[in-house]
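Enquirer: Prediction below, plus the sequence it came from.
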Amino acid sequence: MEGTKIEAGSLATALLALLDEAYLESPDPRGTWFTDNEPANGFLGTAARLSAAEASRPLTAGEGLSLASHVGHLTFALDLANRAAKGENPYPEAKWARSWDERSVDEADWRALLAGLRAAYAEFRGNLERGAFWGSQEALTGAIATIAHGAWHLGAIRQGLGLIRAPR
């Protein structure tokens, strides 16, 4: 691996494909990297199919975290990453525990929560596409971790919602 170089454009294309798969859907549902082969198989597509009542139910027995909790948490994390892309260091003051506060939502709150996540995702995607995270190893690692974070939460909610299926 020493001496091997990957062009920034190739790396960006790969990272954008994984980001899109985690949050929206696979660029080609016939060949996914980590999601089920179905349309709108990412976090936002999965969440958008559910009502506020469904989004407010705890995903695990005895646990208060709901799909709405996961949406609030991911929005918080993406907002921090977007601030970092602008040169801020928002992490020392970040109140991660509060990012889980959203538990129960009505239909209007649910749609607003999803719109907030969609906007944070779109901003992050734009930052990644324009190379905002290429400035340092730490920033690039953080961007990659943000993609992995979204994929982890996608798996958590799909499992909690009973949407994990074995291949046919």
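Expert: Sure, I can see it. These figures come from a predicted structure and were not determined experimentally.
Enquirer: Grab the nearest non-local neighbour of the residue nearest the centre of the chain.
Expert: Nearest to the mean C-alpha position of the chain, by Cα atoms, centre = their mean, lies residue 150 at 3.0 Å. Excluding its sequence neighbours, the residue lying closest to residue 150 (Cβ to Cβ, 6 or more residues apart in numbering) is residue 22, at 3.9 Å. Quick note: C-beta positions are derived from backbone N, CA and C, even for glycine.
Enquirer: how far away is that neighbour from residue 135?
Expert: Residue 22 sits 23 Å away from residue 135, taking Cβ to Cβ, to the nearest Å as the criterion.
Enquirer: next one: residue 121
Expert: Going from residue 121 to residue 135 by Cβ to Cβ gives 21 Å.
Enquirer: between those two, who's got more neighbours?
Expert: residue 121 (23 against 11; other Cβ atoms under 10 Å).
Enquirer: Remind me what the helix or strand containing that one packs against, helices and strands.
Expert: Using DSSP states H and E, residue 121 sits within helix 107-129. For helix 107-129, the contact count by 3 or more Cβ pairs under 8 Å, 6 or more residues apart in numbering; DSSP states H and E identifies helix 8-23, helix 43-48, helix 52-56, helix 67-85 as packing neighbours.
Enquirer: Could I get the average pLDDT for the second one?
Expert: For helix 43-48, the per-residue pLDDT values average out at 93.
Enquirer: Counting by contacts, list what that helix packs against.
Expert: Taking 3+ Cβ pairs under 8 Å, 6+ apart as contact, the helices and strands that helix 43-48 lies on are helix 8-23, helix 67-85, helix 107-129, helix 137-160.
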